[in-house]
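Q: Next comes the sequence, and after it the predicted model I'd like to discuss.
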Amino acid sequence: MTAKVKYLSKSIRILQIGDIHLPDWPQAKTPIDDKDQQFSSQIKGELASQPLRSVLGRINELASSNFIDAAVCVGDFTTRGKTEHIRTAVEILHHLLTDQYTANMLAKFAVPGNHDVSKADALANGTIEKFEPLERALNEFGWPPPPVEDCLRYEVKSADGVKMPIHLLNSSIGSWSTHLLPTPIEQELTEDAIAKEPINLDKDETTRELSIGLTAHIEYASREEQVYHQMDTPYFPVLALQSLKGFMEQANDDTVLVVAHHNLLPQTIPRITHYSELLNSGQVRKFFQNSKKTIVYLHGHIHDDPVERVSGVQAHNRLDSESEIISISAPPIWNGFNEIGLFFDQDDEIFLIRITEFRPDDLGNVGNFSDQTSRYIPVKGRIEHLVTPKVQRVWGIIRDKRALSWREVIEVSKKQNLSEDEVEHSLLSLFCCSLIRIGHLGRERTRWRITANEAVA
């Protein structure tokens, strides 16, 4: 097996893969004003880009590169409970994330999404057993079991020996629950009725005019049918939250990595549907904010990719708990994926998070790291641990010169027997301490321009 080569010492890099929705994942293409139906289909194909193919290819390339330590899939392997496609989706991801030449077995984790539950399974098998199709598929390909009613804790380990727990939660435990269904649907909800599409209810108009003058195209024949198809009551089981709290107290880590399908914060796009948000999201946010931890929360579901920080405001006579939530959403897979970089200090605690957004460009191509946008988030509460003797030596170089390129910093640092990785680690530490600014931080380090902050130089 080929040894992993790390770009930066003491780091863990994770691929965050969003909603897949097989078999309905869109093969989004370049728009073509097609007014000639007899024109060459081959030429039309050449003119149309296929970003999904490029996204999948880039995932495979990164997974085979020996730079990535783990991959997390945040649910919705299929669409509308078409569980017969779950195995195929898992098989595709498994092969994408496994290097066939080096047998590189990337750590792979998954959580259920609300679309990974069949209406028939929910009715016939109940709250827990309805997740069996996903459990069977993951088990067949050697993935760890997904969470169902409890929080599951696994471990991610980097090539340089850094270990970090990863906590998986099932926010889809209430998907297709029947206890909140309107009476007309409850009366129709039998195994035979489920097999029929649509259910046997009175028909209403399929379109209506909104008050603002827009036409809403409704896919459903009646409101009852709409509720029946969209029914989702997402929540975290109390047992799972209690287990997570126990894990957090045992480990005593400053930063906790949590993965689930649903978003904690309301999505930015107005969504008019039934029970679409997490029922206990406020309770969970309060739990996280009172934990005195930094919670890195990875999710999908909303088909958008915001990165958001949430922290509570303390009363003036109370100490700052230094708790915060860093919520990172993955886009649906046809729009790309995220690479999460977690950088560790000398105490093996996270001091910096990097989110690199691998997205198709205007031509539908997903480029390499240097072509992508990266966001850097310093983690609260670690500054006092960052200023090591090596960091102080690099700070002395920057303070004296005020502004340098990456190459200039390296040339001076060589005289002090500092490697390029040690210099990079030191610069990121100084950035987190607000001592320096780094131009082109989201690009390759050779393009960095380092400037001392005027207030401290």
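A: Right, received. Where do you want to start? In this text, all values refer to a predicted model and were calculated from it rather than measured experimentally.

Q: What segments of the stretch 251-400 of the chain are helices?
A: 281-289, 389-401 (DSSP state H, counting those that start in this stretch).

Q: worst average pLDDT in the ones you listed?
A: Looking over the helices of the stretch 251-400 of the chain, mean pLDDT reaches its minimum on helix 389-401, with a mean of 87.

Q: buried ones in that helix?
A: Neighbour counts over helix 389-401 (16 or more other C-beta atoms under 10 Å) mark 390, 391, 393, 394, 395, 397, 398 as buried. In short, each C-beta sits where N, CA and C put it, glycine included.

Q: possible to save those residues as TSV with distance to residue 367?
A: Formatted as TSV, those follow (distance: C-beta to C-beta, whole Å):
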residue	distance to residue 367
390	33
391	32
393	35
394	30
395	34
397	32
398	31
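
Q: out of those, who's nearest residue 341?
A: Nearest to residue 341 among the buried residues of helix 389-401: residue 391, at 18.9 Å, using C-beta to C-beta.

Q: gap between that closest one and residue 160?
A: Separation of residue 391 from residue 160 (C-beta to C-beta, to the nearest Å): 19 Å.

Q: can you check residue 397 too?
A: In terms of C-beta to C-beta, residue 397 sits 25 Å off from residue 160.

Q: Neighbours of the residue lying closest to residue 105 once chain neighbours are set aside, how many?
A: With C-beta to C-beta, 6 or more residues apart in numbering as the criterion, residue 105 has its nearest non-adjacent residue at 6.6 Å, and that residue is residue 98. As a burial measure, residue 98 scores 18 neighbours (other C-beta atoms under 10 Å).

Q: what pLDDT does residue 98 get?
A: If you check residue 98, the pLDDT there is 88.

Q: next one: phi and psi at it?
A: Per-residue torsions, residue 98: phi -120, psi 120 (degrees, to the nearest 10).

Q: Now do the contacts for residue 86.
A: Counting by C-beta atoms under 8 Å, 6 or more residues apart in numbering, residue 86 touches 77, 78, 116, 133, 134, 137.

Q: what secondary structure does the residue lying closest to the second one once chain neighbours are set aside sit in?
A: Closest residue in space to residue 78, ignoring its immediate chain neighbours: residue 85 at 4.4 Å, by C-beta to C-beta, 6+ apart. Taking DSSP: H, G, I helix; E, B strand; the rest coil as the rule, one finds residue 85 in the helix state.

Q: swap in residue 161?
A: coil.

Q: what's it sitting at in phi/psi?
A: Dihedral pair for residue 161: phi 90, psi 0, per degrees, to the nearest 10.

Q: Residue 261 - how many residues pack around it?
A: Residues near residue 261, counting by other C-beta under 10 Å, number 28.

Q: Give me the below-cutoff pLDDT ranges for the stretch 151-300 of the chain.
A: Filtered on pLDDT under 70, the stretch 151-300 of the chain yields the residue ranges 177-231, 274-276.

Q: in the sheet, who's paired with residue 449?
A: With DSSP bridges as the criterion, residue 449 is bridged to residue 405, residue 439.

Q: model confidence over the helix or strand containing residue 413, on average?
A: For residue 413, the element it lies in under DSSP states H and E is helix 406-414. For helix 406-414, mean pLDDT is 90.

Q: for that helix, packing partners?
A: With contacts defined as 3 or more C-beta pairs under 8 Å, 6 or more residues apart in numbering; DSSP states H and E, helix 406-414 has these neighbours: helix 389-401, helix 420-432, strand 449-452.

Q: In it, which of the residues would be classed as buried?
A: Residues of helix 406-414 classed as buried by neighbour count (16+ other C-beta under 10 Å): 406, 409, 410, 412, 413.

Q: Closest to residue 35 out of the contacts of residue 86?
A: Closest approach between the contacts of residue 86 and residue 35, by C-beta to C-beta: residue 78, at 35.8 Å.

Q: Please parse the chain into its domains.
A: As given by automatic domain parsing, the domain ranges for the chain are 11-28+47-176+232-381, 183-230, 386-452.

Q: Would you check how far apart the closest residue to residue 420 other than its chain neighbours and residue 376 are?
A: Distances taken as C-beta to C-beta, 6+ apart put residue 410 closest to residue 420, at 6.0 Å, once the chain neighbours are dropped. According to C-beta to C-beta, residue 410 and residue 376 sit 20 Å apart.

Q: got it, and residue 79?
A: 35 Å.

Q: cool, residue 55 as well?
A: 23 Å.

Q: So between those two, which is more surrounded?
A: residue 55 (26 against 17).

Q: hang on, the earlier thing: ok, the buried residues of helix 389-401 vs residue 448, which is closest?
A: Distance to residue 448, by C-beta to C-beta, is smallest for residue 398 among the buried residues of helix 389-401, at 11.6 Å.

Q: OK, contacts around the closest one?
A: By C-beta under 8 Å, 6+ apart, the contact list for residue 398 reads 404, 409, 430, 435, 436, 450, 452.

Q: can you pull the pLDDT of the spatially closest residue to the first one that is not a sequence neighbour?
A: With C-beta to C-beta, 6+ apart as the criterion, residue 404 has its nearest non-adjacent residue at 5.3 Å, and that residue is residue 450. pLDDT for residue 450: 92.

Q: How about the one 4 residues further on?
A: According to the predicted model, the pLDDT of residue 454 comes to 72.

Q: On the three-state scheme, it is what?
A: coil.

Q: Just give me the neighbour total for it.
A: By the criterion of other C-beta under 10 Å, residue 454 has 8 neighbours.

Q: State the distance from it to residue 400.
A: Per C-beta to C-beta, residue 454 is found 15 Å from residue 400.

Q: Would you confirm that residue 441 contacts residue 424?
A: No: using C-beta atoms under 8 Å, residue 441 is not in contact with residue 424, being 11.1 Å away.

Q: you'd agree residue 232 is up against residue 174?
A: Yes: here residue 232 reaches residue 174: they are 7.3 Å apart, a contact under C-beta under 8 Å.

Q: higher neighbour count, these two?
A: residue 174 (23 against 20).

Q: For that one, give me its contacts.
A: Residue 174 neighbours (C-beta under 8 Å, 6+ apart): 232, 233, 234, 235, 279.

Q: Contact partners for the third one?
A: Pointing back at residue 234 there. Residue 234 makes contact with 114, 171, 172, 174, 175, 261, 262, 275, 276, 277, 278, 279 under the criterion C-beta under 8 Å, 6+ apart.
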